[in-house]
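1. Next one to model:
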Amino acid sequence: MLNNKLKINSDVWENPSLKKTFWKHILFKRIVCVFYLPKKLGKNLIK
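-> Residues are numbered from 1 along each chain as shown. So this is what the prediction gives:
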């Protein structure tokens with residue numbers, strides 16, 4: 001599993017367009033976590 005992850009990482013660093021997609025994917029995930037999860041949890045937490 002770790003080996004596979006390292007291989008993907010090396011592919012990403014060697015390929016700039018893949019790198020961009022990779023970072024977009026990470027940013028998208030982060031944005032979803034920051035904006036979507038609090039809303040979902042906030043309904044339960046904020047009375």
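2. Counting by contacts, list what the one helix or strand Ser17 maps to packs against.
-> Here Ser17, judged by DSSP states H and E, is contained in helix 16-31. Judged by 3 or more C-beta pairs under 8 Å, 6 or more residues apart in numbering; DSSP states H and E, helix 16-31 is in contact with helix 2-14. Heads up, the C-betas are built off the backbone N, CA and C, glycines and all.
3. and the helix holding Ser17, which residues are buried?
-> Phe22 (16 or more other C-beta atoms under 10 Å).
4. Below-threshold pLDDT in the protein: ranges please.
-> 1-13, 44-47 (pLDDT under 70).
5. need the next SSE after the helix holding Ser17, C-terminal direction.
-> Using DSSP H and E, the helix or strand that follows helix 16-31 in sequence is helix 37-45.
6. Distance check, Ile26 against Gly42.
-> Using C-beta to C-beta, to the nearest Å, Ile26 is found at 24 Å from Gly42.
7. Could you do Leu27 as well?
-> 22 Å.
8. same thing with Ser17?
-> Here the criterion is C-beta to C-beta. By it, Ser17 lies 37 Å from Gly42.
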